[in-house]
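>>> Have a look; sequence and predicted model below, questions after that.
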Amino acid sequence: MKASTALLTALLALPVSGAPASQNSSPIDWQPWSNAIFDQAKRENKFVLLDLEAVWCHWCHVMDETTYKSPEVIALIESKYIPVRVDQDSRPDLSNRYEDYGWPATVVFSPTAGEIVKRQGYIEPRQMIAMLKAIIADPTPGPSVRPEPEMKFPDSALMSADLRAELERRYFGQYDSKHGSWGLDQKYLDWTSTEYAMARARAGDTKSGEMARQSLNAQFNLIDPVWGGVYQYSVGGDWNQPHFEKIMNFQAGNLRIYSLAYEEWRDPRYLKAAQDVQRFLKTFLTSPEGAFYTSMDADLIEGKHSAAYFKLDDAGRRKLGVPRIDQHVYSRENGWAIDALAVLYAASGDRQYLGEAEQAAQWIIENRAIEGGGFRHDTKDIAGPYLADTLTMARAFLTLYEVTGDRVWLGRAESAAQFMRANFADSAAGFVTSKATDRSYTPRPERDENILLARFANLLSHYTGNSEYHAMAERAMRYLAAPEIAKYLPTAGTLLADREIASDPIHMTIVGHKDDPAAQALFQAAAAYPSGYLRLEWWDTREGKLPNPDVLYPELKTAAAFICTGNACSSPIHDPGAIGTKADKLSRLAP
């Protein structure tokens, strides 16, 4: 306990700015992103240089210490550019817009807000000098700036058989059979591709099961053996050259998929992996109030690679210090973490994880909620609202309902869904990433957000019987099913959403009072059933009818479970140990 207290004290002393600490000593007068920047640029006939970075990013720090301290770079920027710096975690709209360029992303705009150049990653001083001079000499857009293709969205939400086959081909073609996981350069556990492989394995595809397990096992190499948590990725095509930043979406994605894998195979290594990620979140990324911070930096000293540091044991690391923690509390990141912890609770039965999820959810509700069921990103948003904040919290609420049967969480999921439908529906198809617009960009739908929204809204429609939510899922799928979007790698998320919308989830219902230990045991056993696509309800007759009373259950003297798949429902099940066997049998019989 003393060590934890000392560590918390050390963490609270770390800088918390949304931009890197090194910015405080930067010789460049960085400005925040705003429409006013383009008014100034037009007035002064200057270009706008956007440095879109991440506070945890090693190469962002290196660029700050080299390129942006070059006297010639500084002079060029001061003469003809307005420098703008944004932490991409703080602006989901800009992050989604330029995510393909990695961090740092460098974008130069004309005074009238048109893009001229978009560059990916670290730019060393000589290259930056040449680029800045070339733009001054010829400000016409370069080859990195392409017009957005015209989209033709399908009438049907379901993909055609030909398109589905093409996505399957790309899905299998991207797999690295030698090293595991999808992609050959940067190695990390693509949790959506792994989840899709698990879904295929559940339907009898042995090869997909082997792919999932090879990838899950390879990812052990990127779990910090000392503090827990996962490093972002490894370079060089293998798992032995990690980049050491620990960012929330990777923590939550790994925590959730290892919990699902433990449910699937009961391999204790998968439970330990999930618990190692939770341990890192609890020790380093949890605020005193129980909400979650955003990330741990890749470097102990900004710009200096930390491989030697992360080889040290706990005492050795602490003697040197702790990498910087970004202590912003964003709704989006908390939604990811809450959802993952709820799944870990279902897999393990350990109420500690549920308590952590519910505490964070309550904090976000009290501190980030906005009128109508939505959520801000931060304490005060200068833009937005953003789709991702309400979306991830909505999915977290639905998962909390699934693992507790508490209807309060279902009500919050519905309120969030209604907010998204009212504020983010695109006129053509899909849901846009932000409600607000700025001078240089009109928000567009983003693929991963629409995958999550399609899956969430589809499942919510089954829980509630409300066709409006199914229509939301179909709207998202019409965007995803456009060939230009669908074929973009990796394809597993779109395939997974398509698979779920085309079928009903396994439906389990516990009939019994919620203070009855027998009903509690049945519910916990059902929650741990290995299915990423599950409708689990708890009918306590004292609460009235179920939110979607599409199946009539008898009122029994003793607690029982019922399982329905397709048109078949089981007889009452009173033994928690029999739930999995019965569900497996019914799944094989379902059409």
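Sure, I can see it.

>>> Okay, helices next: where are they in the stretch 51-200 of the chain?
58-65, 71-80, 92-98, 125-137, 161-173, 191-202 (DSSP state H, counting those that start in this stretch).

>>> tell me which residues of the fifth one are tucked away?
It stands for helix 161-173. 163-164, 166-167, 170-171 (16 or more other CB atoms under 10 Å). All C-beta atoms are positioned from the backbone trio N, CA, C, and that covers glycine.

>>> which of those residues lies closest to I123?
R170 (31.3 Å; CB to CB).

>>> Quick check: phi and psi at the closest residue to that closest one other than its chain neighbours.
Excluding its sequence neighbours, the residue lying closest to R170 (CB to CB, 6 or more residues apart in numbering) is T491, at 4.9 Å. T491 has phi and psi values of phi -100, psi 0 when expressed as degrees, to the nearest 10.

>>> What about T491, how many residues nearby?
By the criterion of other CB atoms under 10 Å, T491 has 25 neighbours.

>>> Against I510, how distant is it?
From T491 over to I510 the distance is 36 Å, taken as CB to CB, to the nearest Å.

>>> could you list every residue that touches the residue nearest the centre of the chain?
Of all residues in the chain, the one closest to the mean position by CA atoms, centre = their mean is N249, 4.6 Å from it. The neighbours of N249, taking CB atoms under 8 Å, 6 or more residues apart in numbering as the test, are 333, 336.

>>> does it belong to a helix or a strand, and which?
Using DSSP states H and E, the element containing N249 is helix 248-265.

>>> After that helix, which helix or strand is next? Please name it.
helix 268-284.

>>> and that following helix, what does it pack onto?
helix 2-12, helix 206-218, helix 248-265, helix 331-348, helix 351-368 (3 or more CB pairs under 8 Å, 6 or more residues apart in numbering; DSSP states H and E).

>>> out of these, deepest packed?
helix 331-348 (a mean of 28; mean count of other CB atoms under 10 Å).

>>> Tell me which other helices or strands that one touches.
helix 248-265, helix 268-284, helix 351-368, helix 387-404.

>>> That one - what's its average pLDDT?
When pLDDT is averaged along helix 331-348, the result is 98.

>>> Please compute how far it lies from its chain's middle.
Mean-position distance between helix 331-348 and its chain equals 11 Å (CA atoms, centre = their mean, to the nearest Å).

>>> And stretch 386-394, by the same measure?
For stretch 386-394, the distance to the chain centre is 10 Å (CA atoms, centre = their mean).

>>> Mind listing what's buried along it?
386-394.

>>> which of those lies closest to P111?
With CB to CB as the yardstick, the closest approach to P111 among the buried residues of stretch 386-394 comes from Y386, at 27.2 Å.

>>> Point out where this structure drops to low pLDDT.
1-24, 588-591 (pLDDT under 70).

>>> quick one on the thing from earlier: output the helices and strands packed on helix 331-348 in TSV; the columns should cover distance to D299.
Output for those, formatted as TSV (distance: least, CB to CB, whole Å):
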stretch	distance to D299
helix 248-265	17
helix 268-284	15
helix 351-368	27
helix 387-404	27
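
>>> tell me which residues in stretch 454-470 are buried?
Buried-residue list, stretch 454-470, by 16+ other CB under 10 Å: 454-464, 466, 469-470.

>>> Then stretch 541-557?
Buried, per 16+ other CB under 10 Å, within stretch 541-557: 546-548, 553.

>>> repeat for stretch 296-314
296-300, 302-303, 306, 309-310.

>>> and the gap between E484 and D498?
Distance from E484 to D498, counting by CB to CB: 16 Å.

>>> more neighbours, the two?
When neighbours are counted by other CB under 10 Å, D498 comes out ahead of the other of E484 and D498, with 22 against 12.

>>> Spit out the contact partners of that one.
So D498 contacts 158-159, 164, 477, 480-481 (CB under 8 Å, 6+ apart).
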